[in-house]
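In: Return atomic coordinates for the entry below.
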Amino acid sequence: MPRNARAAGYLVLVVARDGRCLYSPNLPAMVDSYPWELCWEEQGQTRFREAFIEACMFRRRQEAIPAALRIKDRAFDFEAWLDPTGPELVICRMIRVFSNTLTRREQDVLSLVAGGASNTEISRLLGTREATVRSHLKKMREKLGVTRPEGLLLAAVGLEPGDMNDQPEL
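Out: Below is the predicted model of the structure:
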């Protein structure tokens, strides 16, 4: 893995029937490696490898497999979907999961951002200053390891349904 690697919100791998990665547009260093080698801990490696065996060898689709991936000595939570395609390939799609990362207030701000609210609207709705909203956004980007606005929207998708219905902390 390159030293400057960041955890993207969405990863794609094309995997051969033997489990070896053939192609990855956002993780080219993975080519000729095995995806489970990215897992943070041994138990995760085993679970991820078993899912790949089911998909690659037995051609069974695998859905929402949790995986803590190691990227630049940090663990990032992903869920993976393994789709056998044709007789020899499996497409692996991984989406970053952001559970238990943000404070309740940051989740409130993120929900409003995902709904299209401006910083001014968010500050008015939450009864805070715009500078505070900007500070929350900066901290969220740091915590989530994202630099682009789309990364925050992916984080919003990763929120649990109940998270958006709770009353904000004041």
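
In: got any ranges where this protein has weak pLDDT?
Out: 1-9, 98-100, 149, 154-170 (pLDDT under 70).

In: and if we set it to 80?
Out: Applying pLDDT under 80 to the chain picks out residues 1-10, 26, 71-76, 96-101, 111, 114-115, 144-170.

In: all strands in it, in order from the N-terminus.
Out: 10-16, 21-23, 62-71, 74-85, 89-96 (DSSP state E).

In: Now distance to Gly44 too, for those strands, in a markdown table please.
Out: (Glycine included, C-beta is placed from N, CA and C.) Listed next are the strands of the chain as a markdown table, based on distance: least, CB to CB, whole Å:
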| stretch | distance to Gly44 |
| --- | --- |
| strand 10-16 | 15 |
| strand 21-23 | 17 |
| strand 62-71 | 5 |
| strand 74-85 | 9 |
| strand 89-96 | 13 |
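
In: could I get the ones you listed as TSV with mean neighbour count?
Out: Shown next, in TSV, are these (neighbours: other CB atoms under 10 Å):
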stretch	mean neighbour count
strand 10-16	18
strand 21-23	17
strand 62-71	17
strand 74-85	18
strand 89-96	20
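
In: how is the protein carved up into domains?
Out: 10-96, 104-164 (automatic domain parsing).

In: about what we covered before: of all the strands of the chain, which lies closest to Ser33?
Out: strand 21-23 (5.5 Å; CB to CB).

In: what sits up against the closest one?
Out: Strand 21-23 has contacts (CB atoms under 8 Å, 6 or more residues apart in numbering) with Leu13, Val14, Val15, Ala16, Met30, Val31, Asp32, Ser33, Tyr34, Pro35, Leu89.

In: Find the nearest non-adjacent residue to the third one, please.
Out: Just to be clear, that refers to Val15. Nearest residue to Val15 in three dimensions, chain neighbours excluded: Val90, at 4.5 Å (CB to CB, 6 or more residues apart in numbering).
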